[in-house]
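Need coordinates for the below:
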Amino acid sequence: MPITTYKLSTVSLLSMHHNRKISPSSRFVAVDSWYREGEETSVHMAGILVVFDFDKTIIDCDSDNWVVDELGFTDLFNQLLPTMPWNTLMDKIMEEIHSKGNTIGDIAEVLNCVPIHPRIVPAIRTAHALGCELRIVSDANLFFIETILRHLRIEECFSEINTNPGYVDGKGRLRISPYHDFHRAPHGCPLCPPNMCKGAVISRIQGQISNKKLIYIGDGSGDYCPSLKLGHGDYVMPRKGFPVWDLICKNPLLVKAEIHEWTDGEGLERTLLRLIDGIMSEEDNSDGSLVSAADCKFQTISMAANEAFPLVLPVPPNRFRALQPL
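Okay, here's the model as predicted:
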């Protein structure tokens, strides 16, 4: 299947462990599994992997609906919805948006205005500064996610994004395709939509990591399957009052991980940092040099509110490209 790639800028961050300065290697992103060019440099000091959903978790809306509504295509979307899968419909709607004279810049401008709780960005930055590895598993698409993360200036905090491919073709039109090719190789999971099984993604990630605690944060029904994949010693953070919470509450014993609810960005930040602090304390009881989440709290308190909402940044045209199928 076509793989969309983009390059994350090399960043230099100040390690809070022994005040060491670490420069990550340049990283290239693949949609179904990111790959790195050159030798990989580890910057993840804590034995913690935090996996975020995106829509209604990092941002406070569904990015697909946001773009469709803001650009005035809601009626057409609702008309076509019964006739095709959601992911296929989004690609069709992007075609209609482009045919009416809207540019990729117009889409990016709308994405840069998505609602987000003011504590989400500080929570992500603090977890990253503490040495946690952060990844995204989302049923949105790569273009939407990358555009928003770059606008919020937290793109460098994430080591991997698993989502539906989204790229700008030679005509300047945004193309969206499924994560799983459900025509050639359906994933077969009855809990997940045909285009993406997040549980399968989590299973792959679990096979890649060793001796790491996994924290999964999500809200939707698609986040239930990955919650069931977590094991004892892991943590799931379902958003209370949302579909994944309702599904878990039907039979909590099916979930092996510890369940810690949250309701909004403030609750997400508080719960996530508390879990990180607890895990790090367990791992390093005898080493007082390892910084805790409490020590990092000043970062989230001192951050001005407008830092989480930077000015609109221009999106370079044709930044994305499609590779030939492997």
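
From here on, just use CA atoms for contacts and neighbour counts.
Noted.

where along the protein do the helices fall?
Assigned by DSSP state H, the helices in the chain fall at 63-70, 74-80, 86-99, 104-111, 120-129, 142-152, 198-208, 224-229, 243-250, 265-283, 297-302.

Is it possible to get JSON lines of the ones you listed that adds mean neighbour count and mean pLDDT?
Shown next, in JSON lines, are the helices of the chain (neighbours: other CA atoms under 10 Å; pLDDT from 0 to 100):
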{"stretch": "helix 63-70", "mean neighbour count": "18", "mean pLDDT": "98"}
{"stretch": "helix 74-80", "mean neighbour count": "13", "mean pLDDT": "98"}
{"stretch": "helix 86-99", "mean neighbour count": "18", "mean pLDDT": "96"}
{"stretch": "helix 104-111", "mean neighbour count": "19", "mean pLDDT": "98"}
{"stretch": "helix 120-129", "mean neighbour count": "22", "mean pLDDT": "98"}
{"stretch": "helix 142-152", "mean neighbour count": "21", "mean pLDDT": "98"}
{"stretch": "helix 198-208", "mean neighbour count": "16", "mean pLDDT": "95"}
{"stretch": "helix 224-229", "mean neighbour count": "22", "mean pLDDT": "98"}
{"stretch": "helix 243-250", "mean neighbour count": "17", "mean pLDDT": "98"}
{"stretch": "helix 265-283", "mean neighbour count": "18", "mean pLDDT": "95"}
{"stretch": "helix 297-302", "mean neighbour count": "13", "mean pLDDT": "36"}
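
quick one, which of these is nearest to residue 216?
Proximity to residue 216 (CA to CA) singles out helix 224-229 among these, at 7.2 Å.

For that closest one, list the C-alpha coordinates in CSV.
Taking Å, rounded to 0.1, in the frame of the first residue of the first chain, the C-alpha atoms of helix 224-229 are listed here in CSV:
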residue,chain,number,x,y,z
TYR,A,224,-11.5,-0.5,23.3
CYS,A,225,-9.7,-3.2,21.3
PRO,A,226,-6.2,-1.9,22.2
SER,A,227,-7.3,-1.6,25.8
LEU,A,228,-8.0,-5.3,25.8
LYS,A,229,-4.4,-5.9,24.5
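
on that earlier part again, could the helices of the chain be laid out in TSV, adding distance to residue 189?
TSV is the format used below for the helices of the chain (distance: least, CA to CA, whole Å):
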stretch	distance to residue 189
helix 63-70	23
helix 74-80	25
helix 86-99	17
helix 104-111	31
helix 120-129	30
helix 142-152	23
helix 198-208	9
helix 224-229	9
helix 243-250	16
helix 265-283	29
helix 297-302	39
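
Looking at those helices, which is nearest to residue 184?
helix 86-99 (15.0 Å).
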